[in-house]
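*Asks:* everything below, folded, please.
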Amino acid sequence: MSTSTVERDFEFSFKSKGSRSKLSVPVPIPLDVSVSDLVGRLIEAHNIPCYVENELQDSLEEFVAKETSRHYDDNADTLVEKLITGDIDIGQTAEKWNKAFIKEHKAYATEKGSNTEVRFGEIYHKLIHSAALETLLNLEHSYAVAVEGTISQRDLAVGKLQKRQGDEMEQAVQALGVNYTDEQVNQLAARHFEDTQMLEVKWASELSSLQESQRREFREWVSTVHEDMVSSPDGQSAVTVQRIRALSDAAPVERMEEDQSQQSRLEESFTIHLGAQMKTMHNLRLMCVDVLDLCRHKTHKVGSTILPSPQRLQTAMSLYSNSICGLVLLVDDRINSYTGIKRDFAGVCQQSTDFHFPDLDTQLRVIQQHVIEANKNRPDKTEDEYLNGNSNGAEGNKTESQKVVTEDTSKNSISQNLQAGDFYLTRHSNLAEVHCVFHLVVDDGIRAGDITSRHPSIIGLRNILKCSSQHDILTITIPLFLVYDMSEEMTINWCLKRAELVFKCVKGFMMEMTTWTGTESRTIQFVVPKGISEDLFVQLSSMLPQIFRLSTPLDLTKHR
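*Replies:* Now for the predicted structure:
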């Protein structure tokens, strides 16, 4: 609709000193000031008697209302005529109105979905810090046991099918040219593939249905117990106590000593100071462990009974807090969970139901929808913008960044994959020691021994630390070598050189954190692959104090 302004002549007659006077002035339509303001201006400019002010205002209000309506009607008629004659594209007009409506709706509408999630988080945080703590953990554990049972049945069924299909294919290959032709073998392979697909879909549907019902029941139980607690004056009504006891009684009783079968791991901790004047204290930890062990719930046995592990307690207590734990997971450029460590990580996530966030597959589908749009915008960045967004705080990034920008711009098609140095984030409440996972994209070049602080993966690590510092992720785990498996080319010198690079870069990034979010204390965990020698671990441990300034305790006995 046109927003142009027109002028219409307004006439007003009144008696003054025995004679009749007439006022004629142009008035802009639509009027951009109030009628009362315009009346005041007219009285002042034309010496109009004050006793006709009310009459003038009534007449002007009627005139403005009538002319404004006529102006909008004329504009509407003109636009309709243009639509009929084809001078205006109906599709573009509808799209314009759709965007305007969505923008207006988002600005003033209430986000019911997000409010519901926020409300549930507040309720859960309150219950997990109340007498219902043990009951909540037992309930989550019982659900996890049911899911693990279903997964075991699925694996058993798939294993039997694969064994039977393997025997059939072996017989067919041995009888090729006698009882089977090439075409029949191909048909058998196709039938085996279809049978496997059907079985996997069946179990995936059953597992999804089980987890969805568990999620619904868990949320209903949490809401019901909270309502009972709120309605009770002392916060512990008889109904609440009965609900908690009902589940607590169903939990196994600890009658025997805990089974201490956990394997020990190489680990070293340090407390460091960063900064010259405004010093900040941080914790560093060097660990030799499989990175997925930080996600798996360890078996916690009392006699022959499996109980919820202590890691579930830690995860639940800090889930809705300002002390979130993150993990950097090195992945390839495809957003899926089909191969490598991504498949293993997806298997860990599937071991129990996530009652607070969407499952991993759902989160990955949402991320995939935004990748193409992100890749469309990537070539639009100038080189300076790229450098400013990804530069290392200690050293420049001109050479590597220029290469990436040049390669991106030369591509004619929009890729659905990410690039080295990109990362995406998934949230979890059903992992052992992790709340969120940063999936950092790396390529085969990460195994080279000559990478520098300008490498895209190092820059991606810097962006991850910046993101974590801005969102209350106070503990983050980083693979020290930026690889998970040791190979022949990774000699001791290679490991020491790579560790020194990552240590120094992380130190620079941590010093940048003080400019991003202040002086909050954080914990950085460096993970090295399992299987490295103890001597190498000792060398890495001794390197860390040479790069970071350790916090030296004051011995008061020496100052007596």
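*Asks:* can you confirm residue 366 is in a helix?
*Replies:* Yes - Residue 366 forms part of a helix when assessed by DSSP: H, G, I helix; E, B strand; the rest coil.
*Asks:* tell me the SS of the nearest residue to it once chain neighbours are set aside?
*Replies:* Counting by CB to CB, 6 or more residues apart in numbering, residue 358 is the residue found nearest to residue 366 once chain neighbours are left out, at 7.7 Å. Any C-beta I mention is one placed from the backbone N, CA and C, and that applies to glycine too. In the three-state summary, residue 358 is assigned as coil, counting by three-state DSSP.
*Asks:* okay, now residue 358: neighbour count?
*Replies:* Number of residues near residue 358 (other CB atoms under 10 Å) recorded here: 13.
*Asks:* from memory residue 36 sits against residue 57, does it?
*Replies:* Yes - Residue 36 is in contact with residue 57 according to CB atoms under 8 Å; the separation is 6.4 Å.
*Asks:* and residue 371, how far from residue 171?
*Replies:* The spacing between residue 371 and residue 171, counted by CB to CB, to the nearest Å, is 45 Å.
*Asks:* now do the end-to-end distance for stretch 80-90.
*Replies:* Distances were taken as CA to CA, to the nearest Å; on that basis the terminal residues of stretch 80-90 are 11 Å apart.
*Asks:* contact partners of that stretch?
*Replies:* Contacts of stretch 80-90 with the rest of the structure, by CB atoms under 8 Å, 6 or more residues apart in numbering, involve 79, 93.
*Asks:* if we use 10 Å, what do you get?
*Replies:* Surrounding stretch 80-90, the residues in contact under the criterion CB atoms under 10 Å, 6 or more residues apart in numbering are 78-79, 93, 95-96.
*Asks:* now do stretch 40-53
*Replies:* Under the contact criterion CB under 10 Å, 6+ apart, stretch 40-53 has outside partners 10, 12-17, 21, 23, 25, 27, 33-34, 36, 39, 56-57, 59-60.
*Asks:* now residue 290: closest residue in space that isn't a chain neighbour?
*Replies:* Nearest residue to residue 290 in three dimensions, chain neighbours excluded: residue 530, at 5.4 Å (CB to CB, 6+ apart).
*Asks:* residues contacting the one you found?
*Replies:* Taking CB under 10 Å, 6+ apart, we find residue 530 in contact with 265-266, 287-291, 293, 484-486.
*Asks:* so residue 22: helix, strand or coil?
*Replies:* With three-state DSSP as the criterion, residue 22 reads strand.
*Asks:* that one touches residue 11, doesn't it?
*Replies:* Yes - counting by CB atoms under 10 Å, residue 22 sits close enough to residue 11 to count as a contact (6.6 Å).
*Asks:* what residues of stretch 352-366 count as buried?
*Replies:* 352-357, 359-360, 363-364 (16 or more other CB atoms under 10 Å).
*Asks:* go on, stretch 50-70?
*Replies:* Neighbour counts over stretch 50-70 (16+ other CB under 10 Å) mark 52, 56-57, 59-61, 63-64, 67 as buried.
*Asks:* of those, which pair is most distant in space?
*Replies:* Farthest-apart pair in the buried residues of stretch 50-70 is 52 and 67; separation 21.1 Å (CB to CB).
*Asks:* okay if I get the contacts of stretch 80-90 as a markdown table plus distance to residue 431, secondary structure and neighbour count?
*Replies:* Converted to a markdown table, the contacts of stretch 80-90 look like this (distance: CB to CB, whole Å; DSSP: H, G, I helix; E, B strand; the rest coil; neighbours: other CB atoms under 10 Å):
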| residue | distance to residue 431 | secondary structure | neighbour count |
| --- | --- | --- | --- |
| 78 | 62 | helix | 13 |
| 79 | 57 | helix | 15 |
| 93 | 50 | helix | 13 |
| 95 | 43 | helix | 11 |
| 96 | 45 | helix | 11 |
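*Asks:* ok, back up a step: what score does the residue nearest to residue 290 have for pLDDT?
*Replies:* According to the model's per-residue confidence, residue 530 sits at a pLDDT of 87.
*Asks:* for residue 548, same thing?
*Replies:* Reported pLDDT at residue 548 in the predicted model: 85.
*Asks:* for the one 4 residues further on, same thing?
*Replies:* Turning to residue 552, the model gives it a pLDDT of 66.
*Asks:* residue 103 now?
*Replies:* 81.
*Asks:* could I get the buried residues of stretch 50-70 as a markdown table with secondary structure and pLDDT?
*Replies:* Conversion of those to a markdown table gives the following (DSSP: H, G, I helix; E, B strand; the rest coil; pLDDT from 0 to 100):
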| residue | secondary structure | pLDDT |
| --- | --- | --- |
| 52 | helix | 85 |
| 56 | helix | 87 |
| 57 | helix | 88 |
| 59 | helix | 90 |
| 60 | helix | 88 |
| 61 | helix | 91 |
| 63 | helix | 91 |
| 64 | helix | 90 |
| 67 | helix | 90 |
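*Asks:* low-confidence ranges, the stretch 101-250 of the chain, go.
*Replies:* Applying pLDDT under 70 to the stretch 101-250 of the chain flags residues 110-114, 233-250.
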